[in-house]
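J.: need coordinates for the following:
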Amino acid sequence: DPLAGEGVVSARDQPPLIAVAQRPQVGYGKLSEGPLGYGYQWWLIPGADHAFTGEGIYGQFLMVNPALDLVMVKTSNWTGAWDAEMSEETFALFEALSEQVRAMPAQQPPTP
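T.: I've put the predicted structure just below:
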């Protein structure tokens with residue numbers, strides 16, 4: 001088999017996940033109520049940081065802010081498949097964490 005052990009597209013030809021996730025397929029605010037955009041299974045958060053989130057049923061969230069090198073994972077057990085109020089609180093938490101990280105002084109590498 002000529003493709004045994006080979007991918008269809010080589011790793012060097014694949015764009016990094018972050019770049020792909022930040023490429024909108026649907027413009028901000030066009031797919032659902034609210035400001036989010038949508039691209040390649042990720043919800044895009046408007047703003048200069050190019051943050052994005054993956055959202056699951058009953059309140060599961062994976063939120064990424066590449067500009068701050070920040071990842072937040074939230075597991076939940078909401079009583080319903082979706083809870084708009086709890087979703088808003090989750091986004092507020094992510095924004096507050098982003099602001100805290102942004103306010104931190106830059107760390108210096110350790111001296112040998």
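
J.: pLDDT below threshold where in this structure?
T.: Low-confidence segments of the chain, defined by pLDDT under 70: 1-15, 31.

J.: so which residues of it form strands?
T.: 37-39, 42-44, 52-56, 60-65, 70-74 (DSSP state E).

J.: so which of these comes closest to Val101?
T.: Distance to Val101, taken as CB to CB, is lowest for strand 70-74 among the strands of the chain, at 5.3 Å. C-betas here are computed from N, CA, C, even on glycine.

J.: sorry, back to before: tell me which of the strands of the chain is the most buried.
T.: Most buried of those by mean neighbour count (mean count of other CB atoms under 10 Å) is strand 42-44; its value is a mean of 22.

J.: parallel or antiparallel, list what pairs with that one.
T.: Here strand 42-44 has these sheet partners by DSSP bridges: strand 37-39 (antiparallel), strand 52-56 (antiparallel).

J.: will you turn the ones you listed into CSV that also has distance to Asn65?
T.: As requested, these are exported to CSV (distance: least, CB to CB, whole Å):
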stretch, distance to Asn65
strand 37-39, 15
strand 52-56, 9
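
J.: wait, which of the strands of the chain is closest to Gly27?
T.: Closest among the strands of the chain, once you apply CB to CB, is strand 37-39, at 5.9 Å.

J.: include distance to Pro16 when you put the strands of the chain into TSV, please.
T.: Formatted as TSV, the strands of the chain follow (distance: least, CB to CB, whole Å):
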stretch	distance to Pro16
strand 37-39	14
strand 42-44	13
strand 52-56	13
strand 60-65	12
strand 70-74	15
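
J.: what about the helices in the chain?
T.: With DSSP state H as the criterion, the chain has helices at 17-21, 84-103.

J.: dump the longest one to CSV, keeping only the CA atoms.
T.: Below are the C-alpha coordinates for helix 84-103, written out as CSV (Å, rounded to 0.1, in the frame of the first residue of the first chain):
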residue,chain,number,x,y,z
ALA,A,84,-28.0,31.1,28.8
GLU,A,85,-27.4,32.7,32.2
MET,A,86,-24.7,30.2,33.2
SER,A,87,-23.1,30.6,29.8
GLU,A,88,-22.9,34.4,30.3
GLU,A,89,-21.3,33.8,33.7
THR,A,90,-18.8,31.4,32.1
PHE,A,91,-17.8,34.1,29.5
ALA,A,92,-17.5,36.7,32.3
LEU,A,93,-15.2,34.3,34.2
PHE,A,94,-13.0,33.8,31.1
GLU,A,95,-12.8,37.6,30.5
ALA,A,96,-11.9,38.1,34.2
LEU,A,97,-9.2,35.5,34.0
SER,A,98,-7.9,37.0,30.8
GLU,A,99,-7.7,40.4,32.5
GLN,A,100,-5.9,39.0,35.4
VAL,A,101,-3.3,37.3,33.2
ARG,A,102,-3.0,40.5,31.1
ALA,A,103,-2.2,42.5,34.3
